[in-house]
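K.L.:
Give the three-dimensional model of this entry:
(one chain, ligands or ions: 1)
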Amino acid sequence: MPRGVYDRKPYTGPRYPLEALERLIPTAPQRALGLSGQQMATYRAEGLTEAQADRLAVRAGFLPFEVWPEMVEHAAHESLRECADVECSVTFVPNAGNRRQGGSPQRFCSPRCRQRARRRRPDVQEARKLERLLYETPEAAELRRRRVALYHDTYRDRINAARRAKRSAA
Ligand SMILES: [Zn+2]
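P.N.:
Sure thing, here's the model as predicted:
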């Protein structure tokens with residue numbers, strides 16, 4: 001055995017029948033594919049790996065998907081991922097995300113799962129707890145009152161104009 005073969009992981013992906021390609025080549029498929037009789041026999045017996053199927057289809061002037069339509073489904077299946085939310089068992093084909101905008105591949109199957117996972121994060125829970133506390137203290141009530149007053153001070157002219165417009169419309 002040549003060196004390195006021991007380390008190689010055996011191919012466990014889908015196999016594609018050589019016959020599907022042979023049928024599309026009307027004359028002398030073996031010659032068109034540039035294969036030896038031994039290779040033809042091996043490929044017929046074992047089927048083609050994805051890389052072999054790719055290479056041979058292109059050699060014969062076809063797109064791999066044209067020869068083996070099931071490839072589309074296999075490719076989709078391989079890219080399936082499980083939802084990152086521990087309570088969800090949905091698998092989906094993730095959106096790759098725009099890397100130039102700092103995006104990463106989609107991890108959750110839905111916005112709902114993303115929200116749910118986010119709420120479980122310790123830092124988010126802590127922040128929510130703090131926010132609740134802020135609403136429960138007497139100082140917080142005073143701060144909220146002042147925030148509303150500040151808003152009215154800042155936008156008094158606009159608010160009054162809007163009120164006048166509403167009154168004259170009525
Ligand atoms: Zn999910």
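
K.L.:
Let me know the secondary structure of the residue most central in space within the chain.
P.N.:
Centroid-nearest residue in the chain, with CA atoms, centre = their mean: P94, separated by 1.2 Å. At P94 the chain is in coil, as set by DSSP: H, G, I helix; E, B strand; the rest coil.

K.L.:
Not counting sequence-adjacent ones, nearest residue to it?
P.N.:
Distances taken as CB to CB, 6 or more residues apart in numbering put Q106 closest to P94, at 4.0 Å, once the chain neighbours are dropped. (Each C-beta comes from the backbone N, C-alpha and C, glycine too.)

K.L.:
How much space separates the residue nearest to the centre of the chain from the ion?
P.N.:
Separation of P94 from the ion (CB to the ion, to the nearest Å): 11 Å.

K.L.:
Could you do C88 as well?
P.N.:
From C88 over to the ion (counting by CB to the ion), the distance is 3 Å.

K.L.:
Over to F62?
P.N.:
Per CB to the ion, F62 is found 38 Å from the ion.

K.L.:
Let me see the contact set for that residue.
P.N.:
F62 sits next to L21, L24 when contact means CB atoms under 8 Å, 6 or more residues apart in numbering.

K.L.:
Kindly recompute the last result at 7 Å.
P.N.:
With contact set as CB atoms under 7 Å, 6 or more residues apart in numbering, F62 has these partners: L24.

K.L.:
Could you check how far it is from G13?
P.N.:
Counting by CB to CB, to the nearest Å, the separation of F62 from G13 is 20 Å.

K.L.:
contacting residues for R120?
P.N.:
By CB under 7 Å, 6+ apart, R120 has no neighbours at all.

K.L.:
Might you enumerate the residues of this protein proximal to the ion?
P.N.:
Residues of the chain that fall close to the ion, judged by CB under 5 Å from the ion: C83, D85, C88, V90, C109, C113.

K.L.:
Residues in contact with stretch 139-156: which ones?
P.N.:
Contacts to stretch 139-156, defined as CB under 7 Å, 6+ apart, come from residues L134, I159.

K.L.:
picking up where we left off before, output the residues of the chain next to the ion as CSV; include the columns neighbour count, secondary structure and pLDDT.
P.N.:
Compiled in CSV, the residues of the chain next to the ion are given as follows (neighbours: other CB atoms under 10 Å; DSSP: H, G, I helix; E, B strand; the rest coil; pLDDT from 0 to 100):
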residue, neighbour count, secondary structure, pLDDT
C83, 20, coil, 90
D85, 20, coil, 88
C88, 17, coil, 89
V90, 12, coil, 88
C109, 20, coil, 91
C113, 18, helix, 93
